[in-house]
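1. Sequence unavailable; structure follows:
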């Protein structure tokens, strides 16, 4: 497969999108695919290079206007470059670069869009501009063959806005788990990321007036001067240390040794920084916004956004309770283990090739009505493997499943695919494999302690456990 990943920015510009692009590019190249990253040309970068990871980077002549972080960019010849590469599939990652948007809309090959951020993300005038941009971009979005969402929250938000759910698939940003460093815990809390309004850092600064612990704040951005002035005005110079940009080595050391990581974001579609901290086994205090609770799981304490008192109370609770801090640290590491690329790169490969959609259109449907207590959340897990398709949705007193199971090896693979989507899944069992060749016997799952469901495929008998009637539709 010849694959092109498009984004106006790429290394040496570092951000969540760029990190994900690098990881998927190197992994797909390792699987034998021809991978090219098409991006804008930053100062002092080569027009074209082959990386040590086996993928190529092509950089286009570009102009930059530094009005935000990242800056506004316009690149020349996006469509011409795409047509010259003649890819089997193109993935696009951005919504705020008209020169790219226009040419991606005109590109008539197979194309996928990865939705990284929230619709209308921003504060103040930025929120209004972002909403206007996303409303205009929608017509472009509808030209893509598939929409990859970085979290279930992003997918659900798009569906609420009228994007067909069948056109979407959730593939979170993932990481390789770092080896524990063994360094002792330091006496500081940590914040790390771009210093921009959507990160809610002014609320953290207010919360620091009630927290008796040093805060190390890493990163740069347009809010830095204002945050420094705020720290001075609140008398926090001795408690808040601004580190600016830090090296990857220093970042890992800080994440390894902080007592608590604080993430008071106002918008967060996924939260890559949160995932990185989870991987280092450190507990978080974070805003209960968008996709962040989905990412963090049980690895931290959620607080309402824009609430300095709640923020300080949660941080102080963890600082004053060593056993709780250790418990959440352990859960954080376990949660990070559900977001590794070896679990998801195969699904991403299938989405790019179109194989995943072709399978999903062939599934048999299993419609089950169960006598359950009210369930207040929607579970949508899609884990296609070779001859396996699973989509299980839970709603109030109803479970609708789509299932096509293979042999015992497929069953094991289903478990591997479903577990990262939800850490509370118990296990998959197949009791009737010999009686029902080619189909699974039983799928048992638990969702956040709310749901315990048995789905039976094959010759579907009455289910006395849940007093259910199960009907398998004909193909």
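-> Sure, I can see it. This is a predicted model, so every value here is computed, not measured.

2. for the protein, which spans come out with low pLDDT?
-> 67-69, 356-475 (pLDDT under 70).

3. 50 instead?
-> 359-475 (pLDDT under 50).

4. Got the domain ranges for it?
-> With domains defined by automatic domain parsing, the chain comprises 2-170, 188-336, 362-472.

5. Nearest approach to residue 354 belongs to which of these?
-> domain 2-170 (6.9 Å; CB to CB). All C-beta atoms are positioned from the backbone trio N, CA, C, and that covers glycine.

6. Show me where the stretch 101-250 of the chain has its strands.
-> 111-115, 146-149, 168-170, 188-192, 214-218, 240-244 (DSSP state E, counting those that start in this stretch).

7. Specify the angle between the fifth one and strand 188-192 in degrees.
-> Right, strand 214-218. Calculated by axes from the mean of the first three to the mean of the last three CA atoms, to 10 degrees, strand 214-218 forms an angle of 20 degrees with strand 188-192.

8. ditto for the first one
-> Using the same axes, to 10 degrees, the direction of strand 111-115 lies 150 degrees away from that of strand 188-192.

9. What is strand 111-115 packed up against?
-> strand 89-92, strand 146-149 (3 or more CB pairs under 8 Å, 6 or more residues apart in numbering; DSSP states H and E).

10. burial of residue 86, as a residue count?
-> Neighbourhood size, residue 86 [other CB atoms under 10 Å]: 9.

11. which one is it nearest to, not counting chain neighbours?
-> Distances taken as CB to CB, 6 or more residues apart in numbering put residue 2 closest to residue 86, at 7.1 Å, once the chain neighbours are dropped.

12. how deep is the one you found tucked in, by neighbour count?
-> Around residue 2 there are 13 residues (other CB under 10 Å).

13. Kindly report the same for residue 312.
-> Quick note: residue 312 (other CB under 10 Å) scores 22 neighbours.

14. so how far is residue 255 from it?
-> Residue 312 sits 22 Å away from residue 255, going by CB to CB, to the nearest Å.

15. tell me the phi and psi of the residue nearest to residue 86?
-> With angles defined as degrees, to the nearest 10, residue 2 sits at phi -100, psi 120.

16. ok, it touching residue 82?
-> No - taking CB atoms under 8 Å as the definition, residue 2 is not a contact partner of residue 82, at 11.3 Å.

17. Give me the buried positions along stretch 310-327.
-> 310, 311, 312, 313, 314, 315, 316, 318, 319, 325 (16 or more other CB atoms under 10 Å).

18. now the end-to-end length of that stretch.
-> From its first residue to its last, stretch 310-327 covers 21 Å (CA to CA, to the nearest Å).

19. Show me the contact partners of it.
-> Stretch 310-327 has contacts (CB atoms under 8 Å, 6 or more residues apart in numbering) with 189, 203-204, 207-211, 213, 259-260, 262, 264, 283, 285, 301, 303-304, 328.

20. for the chain, longest helix please?
-> The residue-count maximum for a helix in the chain (DSSP state H) belongs to helix 125-141.

21. Now do that helix against strand 111-115, angle only.
-> Using the same axes, to 10 degrees: helix 125-141 against strand 111-115 is 160 degrees.

22. So for helix 125-141, what gets flagged as buried?
-> 127, 130, 133, 134, 137, 140, 141.

23. That helix packs against which elements?
-> Right, helix 125-141 is packed against helix 98-106 by 3+ CB pairs under 8 Å, 6+ apart.

24. same for the helix it packs on, what does it pack against?
-> When contacts are defined as 3+ CB pairs under 8 Å, 6+ apart, helix 98-106 packs onto strand 72-75, helix 78-85, strand 89-92, helix 125-141.

25. Give me the contacts around that helix.
-> Here helix 98-106 makes contact (CB under 8 Å, 6+ apart) with 6, 8, 73-76, 78-79, 82, 90, 92, 94-95, 111, 137, 139-140, 143.
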